[in-house]
Each structure stands twice: as C-alpha cells, then as structure tokens.
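**Q** okay, predicted coordinates and the sequence, questions at the end:
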Amino acid sequence: MPESVSGSIDRFIRVFEGVISVVTEEIPDSRVSGVHRKVLLAAMLDAMSFPLFRRSRNRDRFISFVLTYAGWESAERVSLPHLAQLSRLAGHSMSASLRSFAISRMSGWIPGERIPVARDPSFDEVVSHWPVENGTPIRLMGVAPESLRHVNLLYAYRNALVHEFRQLGHDLEMWDTDDAYYTHLTRYSDLDEPGEQSWQLQYPVRFLVGLCRTALANLETQLRTQETNPFDQYDWSSYWLPPL
C-alpha cells in the first residue's frame, strides 16, 4: 500500500529529528567536535530547504528558507564589526558617514562582555547611511549592503563548514547560550604587547540547533498545510547526473 502524504511527512521529520539528536546527545560536546556538529546542522538547514525552494539557486534557497522558517529575529540585522571594517578599508569619501555610524554604535561595546547580535542595527538603518549613486546603494569593495546581514553571513559560514571543514573567524565560544553574539579578541605581539583588537562573531552550536528546531517545526506545519510530500522534491534516480 502506497505511503500517505501524512506518513511521508512523518518520516521526513523523523530523519531530521534524528540529526538533531545525534548533534545534541551522541557527539560529545568539546572544542574538537564543534566543527563536526556544525557541519551536520548546516547541511540540515540546506537539506530542509529543498521541499519548498528546490528551484532556487543554492544561496537564494538557503537564505529564503532561513528567513521564512527559522524564526531568527536578527537575521536581517547588519553586523557592525563587518560594517566598520568594510567602511574603513573602502576609504571611499562617500563612506565617511557609514564609518561614523558604525563607530558610534559600537562605542558602548565593552571588551569582556558578551554582545548579542540583537544589538546590531537594522538593515534600513544601515542603508540610510550607505553611499548611493542615482538613488541606489553602491558596492563598497564589491560588497553590497545585504551581504552584511546575518542571514548572508550565516550562508558564508555554511560554505566554510561544508566545503572547507572550518569555522570562519576565531572560535571563541566563551558563553553557553542559544544566541549568536560577539566576543572581543586582542592579539599580542612577540613582546606581549597588545596589538590588533577585533570583535569576533560567534554562531554557537546551541544557536544553530535552535534555528534547526524552529525551522523543522515550521516546515512541518507548511508541508501539512499544503499536503506536500517532501520526498517528491528530491531526485531518487539510480544515476547521479541530472539528465539521466
């Protein structure tokens, strides 16, 4: 007897619940295992996006899925440290207002404290300071303003995890939290003198687990509402090339 759509959805959800169980219960929590667990979670977000965004390009599919289903309130906020660094390196006379805005907003950040990404500015705030030409935001060093949104940075993070088996930036997950945050890093010279200082963006395992759980629950609701068999959106052919 053919499996019902409801049964297919049940089986689909169990697959991803199993992935979360492996990450949270079976892989030991350690600095060494962090990349392993994050690779699984990044791949899970990617795979879950297929049933509803299959025809979209990889980046667009991933970003659309996270924005629509993951319930991440800060997804479209702009990373202040990335914005400050870009405006500094760009050296564009038109970016002076943007740099002043970033420095002003970060002036209250205190080294040693955990700075949640919820303190980052909204996309609209940043665009209001971004240099424009003919009414359209220009690219600074090839970077568009939306590239600095957290959902876009998460996609870049996903790429490094999946394709390079590494985390971006410096892994300084000092707080056990469900939120993404920044932590301060000071590099010291050979003479033990303070050198370069930076704010490091952290997407902890617990944060990624939370995104996956929320996205899975919302995806299940949508699949049942539409009565969509998620497995129909994947290619189950015996041959590996699309034309076959």
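**A** Ah, there it is. Numbering: from 1, shown residues only.
**Q** CA atoms only for the helix or strand of the chain with the lowest mean pLDDT, dumped as CSV, please.
**A** When the helices and strands of the chain are scored by mean pLDDT, DSSP states H and E, strand 194-202 comes last with a mean of 84. Below are the C-alpha coordinates for strand 194-202, written out as CSV (Å, rounded to 0.1, in the frame of the first residue of the first chain):
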residue,chain,number,x,y,z
PRO,A,194,48.6,44.4,22.9
GLY,A,195,48.2,44.6,19.1
GLU,A,196,45.2,44.2,16.8
GLN,A,197,41.8,44.2,18.5
SER,A,198,38.6,42.9,17.0
TRP,A,199,35.1,41.7,17.7
GLN,A,200,34.6,38.1,16.7
LEU,A,201,31.2,36.9,15.6
GLN,A,202,30.1,33.6,17.1
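**Q** so how far is the helix or strand following that strand from its chain's centroid?
**A** Heading C-terminal from strand 194-202, the first helix or strand you meet, by DSSP states H and E, is helix 205-226. Put simply, helix 205-226 sits 15 Å off its chain's centre (C-alpha atoms, centre = their mean, to the nearest Å).
**Q** show me what helix 205-226 is packed against.
**A** Using 3 or more C-beta pairs under 8 Å, 6 or more residues apart in numbering; DSSP states H and E as the contact criterion, the secondary-structure elements in contact with helix 205-226 are helix 5-21, helix 34-48, helix 50-53, helix 58-69. Using the backbone N, CA and C atoms, a C-beta is placed for each residue, glycine as well.
**Q** comparing those, which gets the lowest mean pLDDT score?
**A** Least confident of the helices and strands packed on helix 205-226, judged by mean pLDDT, is helix 50-53 with a mean of 91.
**Q** and it, what does it pack onto?
**A** In this structure, helix 50-53 packs against helix 58-69, helix 205-226, with contacts taken as 3+ C-beta pairs under 8 Å, 6+ apart.
**Q** residues near Val151, how many?
**A** In terms of burial, Val151 registers 19 neighbours under the definition other C-beta atoms under 10 Å.
**Q** grab the nearest non-local neighbour of it.
**A** Ranked by C-beta to C-beta, 6 or more residues apart in numbering and with sequence neighbours excluded, the top spatial neighbour of Val151 is Ala75, at 4.2 Å.
**Q** need the helices and strands packed on helix 205-226 in CSV with distance to Ser122 and mean neighbour count, can you?
**A** As requested, these are exported to CSV (distance: least, C-beta to C-beta, whole Å; neighbours: other C-beta atoms under 10 Å):
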stretch, distance to Ser122, mean neighbour count
helix 5-21, 30, 15
helix 34-48, 23, 19
helix 50-53, 25, 19
helix 58-69, 14, 18
